[in-house]
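Asker: here are the coordinates; sequence isn't available:
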């Protein structure tokens, strides 16, 4: 392999590694027809087995999502519409004895909330800083299967807002709750265009399931390791079908 | 294709031959009660695991070849050990990857080979064995029998059928630390493992420890006796064949 | 990292005598085994997901060159840079090069076993750069200058007193008489200390659980959120990933993620599963301006096409060590290098040589529990046996073992001689044990009788008794 000169623009490490892989697989570079098959697989990105647990009615999926968030030590408040958000946040912060300064992702959906009705809430739109105690994020989608939020990075959805505050609030529309991860990927594929790559994948996608925790000290669970200690989801009931009575949700 | 009276070759195993012949006679009795004609091929020694698991494939292959010679032509080969049974069923064919002829013979042998208790229940369709017994037993699931051959419910079903009460350990499926040459190469680790096992056996409250593998039994009985435990250790075949009167428990004098 | 694998037996001896370690092991076992069992039971499709996981990895490995090139193209499109590192030296140089170019003084780190494999911390320190481990377990190990003893719970071997003692010794700016009432107080102190380090860091280094060809992403999975802070706050993000972390698509990664947390901690899903793809985009308010992947081979490509290829499916969940009875007795440090337990027993000899790590694949009873819980169905015992074969072929097996094996093999190949030898052996041993049915001491089995009695044989071999019974039958007939 060492005899093979590295082609211009191809660093020697790359030539060495790819060469070693091919040598040990006892073949050269893949013939074009096989490469085309693999490209087709990438383009089709076939789904595998999706567990049956999230194959529920809309109302069932929302109920499963809530049950899973609570199982993972998060909490959920169901709200009729966006007008109820300021009051719900004020109540939650009062209940938890938390200050009313909030760093808010600069997302249009959050900006449009009638904050003026609760003048005591002090909001700052932008990225989070280490001194922020409470943050409010906009949820892109959520996955009922495990009670997981999908939070793709964007100018209007900074990653630091997911991480730095002690208490993380997330606004989520019930219509954005899907059953399985695969459906959330499809939403991302359909709705996002990345300005840099032209693809759909943003710089960062966080899948968040409950508040931060660690079991490193004597294998005993403690919440709030480096990220938020509390994760509270404000769930807007914007989905007619999701308001029906759900089938029973497996515990 | 179950014949009325299948011809069964007994693979005695080296440990039963050397250490506890009664297990072999118990196996013969159980097989005959189940309607088999039992033969014991003379030319057998060992299944080859000591060599195979030490990386000595050449010796393992030589022994495997003589097993193919000695055990050809029977309807079934039955082994009173999950470990040696697993060797014949799963590993023997892999010794002949470069020899299609021997490999095919090894695969044919593997298909006809069974561990004793699972042979009685799964192949001969036995629901229960003759006789009756009383008392409490705990059953150790030997690793190869459990994970390579799926032996779990079969011995318990037959034991309960005799009238015995099974008192389970907290972790009947955890390795006892025997591991063939392992207990010789790493005696200190092996001792800790068998000490944990003995504690689990003791807390089960059973009077008797049973298992289907003599290696594990020698290890566990040796530890129980060292600790001064009153728990008796026996091979499951002795109990199923009603031969507990023929031999004292393992590690005890008559 | 320097290996102490050749001293496995002495390491194990110390581990068995270590009261604190034994307490930790007792505590940890039900934690991991019980939780995994519950999570698996709650997902009826788990077995099928394991088979799919195995197949995805096999497909990827068979086409690894294609997927690596596709992935690298996508990384570069997203403004990232791939550093192809054939050896550990190449990788260390690449990491240092980046850190020095950007003038880094402090580097924060997420948990990465590749970092341990490469000895990144030592390398950076030698060049005047301060690495700061931010995973809670790795943080205390760094304070204590100890290697991890487990691949997902690096400090499981420490007890609460160890944490308190280390924190008092390291955090001298805090009042010496402060009281740690609960575990929570330890956590709070670590959080405050590390928050300051996150904000000050110039470079963040993380590992990767997966690389995704379709999107050019790297994936990390954590519960603490330290990996996310590590890669979000500094100006430069460096990912350490080995070539076998590859999967083709997000859907493939999703199947692996359904297996990973359940197998590792018994969680349905980890708290933070994060997909990173390139640099901060225009208009973004946070995220790194540089994104580098150190793509490491370090002996892995040489496992392809060999009996060890299946090991490259490993997703580092630690289920094998969590369920291993040998690991459960000796813990992780006894194995003497980065990767302990069954996966380490197979992987370590490929990375540091079987002459160094020969003990590891031998220290197994082949109980098979590891294979039965492996989320990608790696036949770990089979591969440990393959290592023993290579050892035997290279005459690395200890001399006494070889001699005994040769002697035994000679006799076992000759049934007549074998019959004679066993008759004598059974007779002598049976006679020695005639009074008690066992021996408490036996010169040829000192290891055995150190911890247990040796039950003695009935006295007559099966074949001798069988022959005389057959003669009796014929005589009567």
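Answerer: Thanks, I have the structure now. These numbers were taken from a predicted model, which means no experiment stands behind them.
Asker: Just the pLDDT for residue C:477.
Answerer: For residue C:477, the pLDDT comes out at 67.
Asker: wait, residue C:396
Answerer: At residue C:396, the model reports a pLDDT of 87.
Asker: again with the one 3 residues further on
Answerer: On the pLDDT scale, residue C:399 is placed at 86.
Asker: Give the full set of residues in contact with it.
Answerer: Residue C:399 is in contact with no residue at all, counting by Cβ atoms under 8 Å, 6 or more residues apart in numbering or on different chains. Using the backbone N, CA and C atoms, a C-beta is placed for each residue, glycine as well.
Asker: Could you measure from residue C:241 over to residue B:148?
Answerer: Here the distance between residue C:241 and residue B:148 works out to 36 Å (Cβ to Cβ, to the nearest Å).
Asker: Then residue A:119?
Answerer: Residue A:119 is 72 Å from residue B:148, by Cβ to Cβ.
Asker: What helix or strand is residue 16 located in?
Answerer: Answering for chain A, as no chain was given. With elements taken from DSSP states H and E, the one containing residue A:16 is helix A:12-24.
Asker: I was after chain C.
Answerer: Using DSSP H and E, residue C:16 maps to helix C:8-17.
Asker: pLDDT (mean, whole number) over that helix?
Answerer: Mean predicted confidence for helix C:8-17 is 97.
Asker: And stretch C:202-221, by the same measure?
Answerer: 98.
Asker: ok, back up a step: higher neighbour count, residue A:119 and residue B:148?
Answerer: Taking other Cβ atoms under 10 Å in any protein chain shown, residue A:119 and residue B:148 do not tie; residue B:148 has more neighbours (21 against 9).
Asker: is it true that the more buried one touches residue B:84?
Answerer: No. At 10.9 Å, residue B:148 does not count as touching residue B:84 under the criterion of Cβ atoms under 8 Å.
Asker: Point me to the residue of the stretch 151-251 of chain A nearest chain B.
Answerer: residue A:219 (18.7 Å; Cβ to the nearest Cβ).
Asker: if I look at that residue, how far off is chain C?
Answerer: 4 Å (Cβ to the nearest Cβ, to the nearest Å).
Asker: Identify the residues contacting that residue.
Answerer: Contacts of residue A:219 by Cβ under 8 Å, 6+ apart are C:27-28, C:31, C:153, C:156.
Asker: now these: which count as buried?
Answerer: With neighbours counted by 16 or more other Cβ atoms under 10 Å in any protein chain shown, those contain buried members at C:28, C:31, C:153, C:156.
Asker: May I see those arranged in TSV, with secondary structure, distance to chain B and pLDDT as well?
Answerer: As requested, the buried ones among the contacts of residue A:219 are exported to TSV (DSSP: H, G, I helix; E, B strand; the rest coil; distance: Cβ to the nearest Cβ, whole Å; pLDDT from 0 to 100):
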residue	secondary structure	distance to chain B	pLDDT
C:28	helix	14	88
C:31	helix	15	87
C:153	coil	20	94
C:156	coil	18	93
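Asker: quick check, nearest of these to residue C:80?
Answerer: residue C:153 (30.6 Å; Cβ to Cβ).
Asker: ok, and which of the contacts of residue A:219 reach chain A?
Answerer: C:27-28, C:31, C:153, C:156 (Cβ under 8 Å from any Cβ of the partner chain).
Asker: Mind picking the two most distant members of the residues you listed?
Answerer: Going by Cβ to Cβ, the pair spanning these furthest: C:27 and C:153, at 10.9 Å.
Asker: What is the helix holding residue A:16 packed up against?
Answerer: Here helix A:12-24 touches helix C:64-77, strand C:81-85, going by 3 or more Cβ pairs under 8 Å, 6 or more residues apart in numbering or on different chains; DSSP states H and E.
Asker: Distance to residue C:379, mean pLDDT and mean neighbour count added to these, as JSON lines?
Answerer: As requested, the helices and strands packed on helix A:12-24 are exported to JSON lines (distance: least, Cβ to Cβ, whole Å; pLDDT from 0 to 100; neighbours: other Cβ atoms under 10 Å in any protein chain shown):
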{"stretch": "helix C:64-77", "distance to residue C:379": "20", "mean pLDDT": "98", "mean neighbour count": "21"}
{"stretch": "strand C:81-85", "distance to residue C:379": "29", "mean pLDDT": "98", "mean neighbour count": "23"}
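Asker: closest to chain B out of the ones you listed?
Answerer: It is, among the helices and strands packed on helix A:12-24 and with distance given as Cβ to the nearest Cβ, helix C:64-77, at 24.8 Å.
Asker: does that closest one come close to chain A?
Answerer: Yes. Using Cβ under 8 Å from any Cβ, helix C:64-77 reaches chain A at C:64-70, C:72, C:74, C:77.
Asker: Centre-most residue in chain B?
Answerer: Nearest residue to the geometric centre of chain B (Cα atoms, centre = their mean): residue B:81, 1.7 Å.
Asker: er, chain C I mean
Answerer: Centre-most residue of chain C, counting by Cα atoms, centre = their mean: residue C:339, 3.7 Å.
Asker: do chain A as well
Answerer: residue A:150 (1.8 Å).
Asker: coming back round to it: may I have the residues that are in contact with the residue nearest to the centre of chain B?
Answerer: B:13, B:15-16, B:115-116, B:145, B:212-215.
Asker: do residue A:244 as well
Answerer: A:57-59.
Asker: Of these, which belong to helices?
Answerer: In helices, judged by DSSP state H, the following of the contacts of residue A:244 are found: A:58-59.
Asker: Now the buried members of the contacts of residue A:244.
Answerer: A:58-59.
Asker: Now render the contacts of residue A:244 as a markdown table, adding pLDDT and distance to chain C.
Answerer: Listed next are these as a markdown table, based on pLDDT from 0 to 100; distance: Cβ to the nearest Cβ, whole Å:
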| residue | pLDDT | distance to chain C |
| --- | --- | --- |
| A:57 | 96 | 20 |
| A:58 | 96 | 21 |
| A:59 | 96 | 21 |
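Asker: And the residue of chain A closest to chain C?
Answerer: Checked against chain C (Cβ to the nearest Cβ), the nearest residue in chain A is residue A:227, 2.8 Å away.
Asker: ok, and the closest non-adjacent residue to that residue?
Answerer: residue C:225 (2.8 Å; Cβ to Cβ, 6 or more residues apart in numbering or on different chains).
Asker: And the residue lying closest to residue A:115 once chain neighbours are set aside, how far from chain B?
Answerer: Among residues not flanking residue A:115 along the chain, residue A:86 sits closest, at 5.6 Å (Cβ to Cβ, 6+ apart). As defined by Cβ to the nearest Cβ, residue A:86 lies at a distance of 55 Å from chain B.
Asker: Residue A:86: what secondary structure?
Answerer: helix (DSSP: H, G, I helix; E, B strand; the rest coil).
Asker: hmm, the longest helix along chain B touching chain C?
Answerer: Ordering each helix of chain B by length in residues (DSSP H) puts helix B:187-204 first. Yes. Using Cβ under 8 Å from any Cβ, a contact is recorded between helix B:187-204 and chain C, made by B:187-196.
Asker: Can you list the residue ranges for strands in the stretch 101-250 of chain C?
Answerer: Using DSSP state E, counting those that start in this stretch, the strands of the stretch 101-250 of chain C run over C:106-109, C:130-133, C:203-206, C:210-212, C:217-222, C:236-242, C:246-247.
Asker: Pick the most buried one from those.
Answerer: strand C:203-206 (a mean of 28; mean count of other Cβ atoms under 10 Å in any protein chain shown).
Asker: which helices and strands does that strand pack with?
Answerer: Counting by 3+ Cβ pairs under 8 Å, 6+ apart, strand C:203-206 packs on helix C:88-101, strand C:106-109, helix C:226-232, strand C:236-242.
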